[in-house]
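Colleague: let me see the structure of the following:
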Amino acid sequence: MTKDEIRKSIPPDWLAEFDAAAKRPLELRMKYAFIKTYKPVMDDAKYRSFETMQDYRRWCEENLPDWLGYGRL
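Modeller: As a prediction, the model looks like this:
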């Protein structure tokens, strides 16, 4: 697929947003590139430390919701 074909396959409103974003200064683009999402339990303490990786993994399994992805496979 050529660049022109790819560009034609993208909805016009998306292209307008991409073009506008490309014209913004890098500092502003970086400001809006990362979205802070509250992670239950993980964000509830300033820091945590563990003696071993095994302790950390056990704590994750016992305390974190599965959807955060910190469980074992």
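Colleague: now do the helices in this structure.
Modeller: Along the chain, counting by DSSP state H, helices occupy 3-9, 12-23, 26-33, 53-63.
Colleague: how about the ones you listed, which one is nearest K39?
Modeller: Smallest distance to K39 across the helices of the chain (Cβ to Cβ): 11.5 Å, for helix 53-63. C-beta: built from backbone N, CA, C; applies to glycine.
Colleague: chain center to stretch 61-73: distance?
Modeller: Chain-centre distance of stretch 61-73: 17 Å, with Cα atoms, centre = their mean, to the nearest Å.
Colleague: okay, the helices of the chain, which one's buried deepest?
Modeller: Using mean count of other Cβ atoms under 10 Å, the stretch among these with the greatest mean number of neighbours is helix 53-63 (a mean of 12).
Colleague: how many residues are close by L64?
Modeller: 16 (other Cβ atoms under 10 Å).
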